[in-house]
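> Model the structure of this input:
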Amino acid sequence: MTVGLRGSIMGWEVKGMKTVKLSITLPKDLVDQMKNLTTNISSFIAAGMREYVSREQSRRAIKESAGAWSDENHPELQTVVDVEKYVREVRSTWRRAEH
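The predicted structure is shown next:
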């Protein structure tokens with residue numbers, strides 16, 4: 001069973017942010033759970049969707065960058081010891097910059 005959240009498509013301003021009203025259909029048990037957690041379902045869904053969109057954008061960026069690294073471009077980072085040395089060098093510059 002699903003519960004439809006219905007409305008016409010229209011826009012309005014909320015705290016300086018343009019919003020759009022839309023119709024979605026969600027499982028009833030999910031809507032019930034959200035109602036037990038918040039009185040503002042729209043804000044609750046928006047916060048969850050922002051987090052989901054951010055994770056999805058990161059996942060896609062990682063997927064799209066697969067293969068960008070090549071050993072030929074980084075001969076100085078071929079072993080674990082090489083990488084550890086590089087990381088120590090980078091971190092040492094961070095520490096100096098903080099003081």
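
> use CA for all of it now, contacts and neighbours both
Fine.

> which residues are contacting the lengthiest helix in the chain?
Criterion DSSP state H: the longest helix present in the chain is helix 41-64. Helix 41-64 has contacts (CA atoms under 8 Å, 6 or more residues apart in numbering) with 34, 35, 38.

> Report the buried members of the residues you listed.
Among the contacts of helix 41-64, none scores as buried (criterion: 16 or more other CA atoms under 10 Å).

> need those residues in a markdown table with secondary structure and distance to residue 70, can you?
Listed next are the contacts of helix 41-64 as a markdown table, based on DSSP: H, G, I helix; E, B strand; the rest coil; distance: CA to CA, whole Å:
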| residue | secondary structure | distance to residue 70 |
| --- | --- | --- |
| 34 | helix | 46 |
| 35 | helix | 50 |
| 38 | coil | 49 |
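
> Would you map the strands across this protein?
2-5, 10-14, 17-21, 24-27 (DSSP state E).

> Averaged pLDDT, the first one. What do you get?
For strand 2-5, mean pLDDT rounds to 49.

> Look at residue 51 and say how many residues are nearby.
12 (other CA atoms under 10 Å).

> One more: the one 3 residues further on?
By the other CA under 10 Å criterion, the neighbourhood of residue 54 contains 12 residues.
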